[in-house]
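# Below is the sequence, then the predicted model.
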Amino acid sequence: MRFTDENSYLFPTGNKNGLITNETYNIFADDCTIFIRFTPDLDEYVNRMGAGDRYHGCVLGKNGMHIGIFFTSFRGGDNKISYLIGFEYWVDEEDGSKGLRYMNFPVPESKFGKHFDVTVRRLNDEFIFSVDGQWKRLPAAGLIDYSFNFLWLGAATRISESHNNIYYGDIDKVHIQYGACDDKDERHFFRKYDKFLETINNDTDRQCIFTTDFSRTTEYKIEDQSPNGNHPIKYSKQWLD
């Protein structure tokens, strides 16, 4: 699916009808796994930079003091444009201040215009961030409270005009769940999606939040292909008018 400033989604909260088993409140705060494949639109990133030095778009994350997966374009001292894929979050420091933590991977020219397979895990009080099989890790201790923040797909927020951090490009598939996925799950998700879908739908103990390959959508929603039934809804500016 193509994502632009006209096409951002958020996950509903509240679950007033009790239809959703696993909500997004504790994603990132508890052990969890995210798989996502996406292809950024590099030309649009350059366009969004304009004469500036940087454009920072959120592929999937929570608003506020943002946490999530970001794709960034930036201009170096030689005026050459480069790119990063990163995962970032905020923590409470011991002195009472807020501190930003981040893990970045530079994008080689051989990957320009191609998709990226990205995994984020929180496991045993660490964040483990992987891009195309390369990984980094950082402590998750001190993570600020994101429990009442919206989880967005294709932006960091659409409510605050100055901090939208809109992602431009395609997202091919996504899986979000509480708890750990093993390496076999990861291989199947990226290489044998139908097999992965069969596995999660037959695993009654798995705490899925959302799964999709965007093959089933409506004008306003993306269908959750996991048993959770958590369908993200398309953001509209009319909500704020």
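Thanks, I have it.

# Go through the host helix or strand of residue 198 and flag the buried ones.
If you go by DSSP states H and E, residue 198 is part of helix 193-202. Residues of helix 193-202 classed as buried: 193, 196, 197, 199, 200 (neighbour count, 16 or more other Cβ atoms under 10 Å). In this view, the C-beta of every residue, glycine as well, is placed from N, C-alpha and C.

# what does that helix rub up against?
If you take Cβ atoms under 8 Å, 6 or more residues apart in numbering as the criterion, helix 193-202 is touched by 173, 175, 177, 185, 188-189, 206, 208, 211, 213, 225-227.

# ok, 10 Å please
35, 37, 172-173, 175, 177, 181, 184-190, 192, 206, 208, 211-213, 215, 225-228 (Cβ atoms under 10 Å, 6 or more residues apart in numbering).

# And these, which of them are buried?
Of the contacts of helix 193-202, these count as buried by 16+ other Cβ under 10 Å: 35, 37, 172-173, 175, 177, 181, 185-186, 188-190, 206, 208, 211-213, 225-228.

# So which of those residues belong to strands?
35, 37, 172, 173, 175, 177, 208, 211, 212 (DSSP state E).

# Now residue 231: phi and psi?
phi -90, psi 110 (degrees, to the nearest 10).

# confidence score at the nearest residue to it once chain neighbours are set aside?
Beyond its immediate neighbours in the sequence, the residue positioned closest to residue 231 (Cβ to Cβ, 6 or more residues apart in numbering) is residue 221, lying 4.5 Å away. Residue 221 is assigned a predicted lDDT (pLDDT) of 94.

# ok, what's across the strand from residue 221?
residue 233 (DSSP bridges).

# change the start of the numbering to 15 and stick with it
From this message on, residue numbering opens at 15, which makes the last subject residue 235.

# wait, isn't it in contact with residue 247?
Yes - with contacts defined as Cβ atoms under 10 Å, residue 235 counts as touching residue 247 at a distance of 5.5 Å.

# How about stretch 129-143, which residues are buried there?
Buried, per 16+ other Cβ under 10 Å, within stretch 129-143: 129, 130, 131, 132, 133, 134, 135, 136, 141, 142, 143.

# measure the residue nearest to residue 35 when sequence neighbours are not counted to residue 82 for me?
Using Cβ to Cβ, 6+ apart and skipping residues adjacent in sequence, the residue nearest residue 35 is residue 242, 5.6 Å away. Using Cβ to Cβ, to the nearest Å, we find residue 242 at a distance of 20 Å from residue 82.

# what pairs with residue 145 across the strands?
residue 132, residue 148.

# what's the distance between it and residue 88?
Counting by Cβ to Cβ, the gap from residue 145 to residue 88 is 17 Å.

# what do you get for residue 53?
For residue 53, the distance to residue 88 - Cβ to Cβ - is 19 Å.

# more neighbours, residue 145 and residue 88?
More crowded of residue 145 and residue 88, by other Cβ atoms under 10 Å: residue 145, with 22 against 16.

# wait, that one sits on residue 84?
No - Residue 145 lies out of contact with residue 84 (Cβ under 10 Å); the separation is 11.7 Å.

# Find residues that contact each of those two.
With Cβ under 10 Å, 6+ apart, residue 145 and residue 84 have common neighbours 98, 99, 100, 101, 118.

# And residue 24, how far from residue 16?
17 Å.

# who's more crowded, these two?
Comparing residue 24 with residue 16 by other Cβ under 10 Å, the one with more neighbours is residue 24, at 21 against 13.

# ok, now which ones touch that one?
So residue 24 contacts 38, 76-77, 164-169, 171-173, 246-249 (Cβ under 10 Å, 6+ apart).

# Now which of those would you call buried?
Using 16+ other Cβ under 10 Å, the buried ones in these are 38, 76-77, 164-169, 171-172, 246, 248-249.
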